[in-house]
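Q: Sequence first, predicted coordinates after that:
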Protein chains: 2
Amino acid sequence: MYRIGELAKQCEVKTDTLRFYEKHGLLSPSSRTDSGYRIYTENDAERLRFILRAKAVGFTLAEISELLSIELDKSNWACADVKGMVDSKLAHVEAKIAELKFFQVSLQRLSNACCGGPESAEHCSILEALETNTDNIKCENHDHHHDDSQYTKNCQRKG
Amino acid sequence: MYRIGELAKQCEVKTDTLRFYEKHGLLSPSSRTDSGYRIYTENDAERLRFILRAKAVGFTLAEISELLSIELDKSNWACADVKGMVDSKLAHVEAKIAELKFFQVSLQRLSNACCGGPESAEHCSILEALETNTDNIKCENHDHHHDDSQYTKNCQRKG
DNA sequence: CTTGACCTTAGATTTAACTCTAAGGTTTAT
DNA sequence: ATAAACCTTAGAGTTAAATCTAAGGTCAAG
């Protein structure tokens, strides 16, 4: 059982944000005190964490509402409806994962191609890494050496 | 070589959006015609696609700017700087992937638990799926049958 | 028994990211 | 050679998602 300020602090949001989510139907406290204070349960907290996670990966509040409506309307829906909706959201999530893996590969490639030393990063760029396909990595070959293996271990392939 | 309208159409954004990105330093056309029209190269288009992908997975324009600044400033930076920044962004991307996999698992679990038939979805909910750990899945056991295996194949485990 | 940290509401303001408007110049098709 | 469909700028308006303000009620500590 949390009051609004406690839940807000725990989840690192403002109390305003919680009232905003309530007004927009995303999260309502399970009860109120006699004097009208909001009382949130652990279940409410779980729901909030779900909302914040969804937001962090780029879902809009409208999309999050839709995801959560699966919970709210469950007894009025048929399994077929729920499954259809879930599977569509699942496809959406999987598409996002694929997009992010694209960034991951690009950034990893750039990180690998870059020796990490004090040289100019003339040939280190995300877009160069994007243009390069799969494993044929441009790698700067500077004409000097510096102390250690840590910097140069990833610099061996050349386009 | 594209004019603003052509690039906008190709990437399904408004021309306003491209002018907005230019004003905010995310994407400038490589040149202009004598009469002042913007001329975008294939490289510019690639950069735009990068921006749109980054946006789609929840990066703000400020974060995207930062990602792209690796490109802009490359000759003024040392490899060590670039690598540090890239690795930090990489960690960010990997965290997002982890978050999304959390959703993927939850949704997949829900999809699996839900028989997909015409029954009430009483026990189908995202939050129930979130609460359930790993493989001990609640699954409604309706007292009737319907046509085929397609609906019931995933309904065999019970908590 | 009052001070200060909480809570309430309604409504105004802010921020990011567009999106539109107005007033005019350019290009292409008929 | 002129209408339609583009382009230019500066600046105003919109939308989502908060965030702040004002005016006041609640409650535990000293």
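A: Everything's here; your move. Numbering: from 1, shown residues only, chains lettered A, B, ... in the order given.

Q: A:Cys114 versus A:Gln108, what's the distance?
A: 11 Å (Cβ to Cβ, to the nearest Å). C-betas here are computed from N, CA, C, even on glycine.

Q: Helices of chain A, residue ranges please.
A: A:4-11, A:15-23, A:42-56, A:61-72, A:79-113, A:126-131, A:149-152 (DSSP state H).

Q: can you count the residues close to A:Ala91?
A: 11 (other Cβ atoms under 10 Å in any protein chain shown).

Q: I'd assumed B:Ala91 was in contact with A:Phe103.
A: No - look at A:Phe103 against B:Ala91 with Cβ atoms under 8 Å: they stay out of range, at 11.9 Å.

Q: Quick one: mean pLDDT for stretch A:113-133?
A: Across stretch A:113-133, pLDDT averages out at 62.

Q: Give me the spatial nearest neighbour of A:Lys101, chain neighbours excluded.
A: B:Ile97 (6.8 Å; Cβ to Cβ, 6 or more residues apart in numbering or on different chains).

Q: show me the contacts for the one you found.
A: Listed by Cβ atoms under 8 Å, 6 or more residues apart in numbering or on different chains, the contact partners of B:Ile97 are A:97, A:100-101, A:104.

Q: do A:Glu99 as well
A: B:53, B:56-57.

Q: circling back to that earlier point, between A:Gln108 and A:Cys114, point out the one with more neighbours.
A: Using other Cβ under 10 Å as the criterion, A:Gln108 and A:Cys114 rank with A:Cys114 on top: 32 against 17.

Q: what separates that one from A:Ser31, distance-wise?
A: With Cβ to Cβ as the criterion, A:Cys114 and A:Ser31 are 55 Å apart.

Q: try A:Leu52
A: Counting by Cβ to Cβ - A:Leu52 and A:Ser31 are separated by 22 Å.

Q: A:Ala54 now?
A: Counting by Cβ to Cβ - A:Ala54 and A:Ser31 are separated by 25 Å.

Q: And these two? Which one has more around it.
A: Neighbour totals were compared for A:Ala54 and A:Ser31, and A:Ala54 leads with 25 against 12 (other Cβ under 10 Å).

Q: Name all residues that make contact with the more buried one.
A: Per Cβ under 8 Å, 6+ apart, neighbours of A:Ala54: A:63-64, A:67, B:103.

Q: who wins for neighbours among those residues?
A: For the contacts of A:Ala54, neighbours tallied by other Cβ under 10 Å; top is B:Phe103, 24 neighbours.

Q: State the distance from that one to B:Glu94.
A: Separation of B:Phe103 from B:Glu94 (Cβ to Cβ): 15 Å.

Q: In chain A, which residue sits nearest DNA strand C?
A: A:Gly5 (2.6 Å; Cβ to the nearest atom of the strand).
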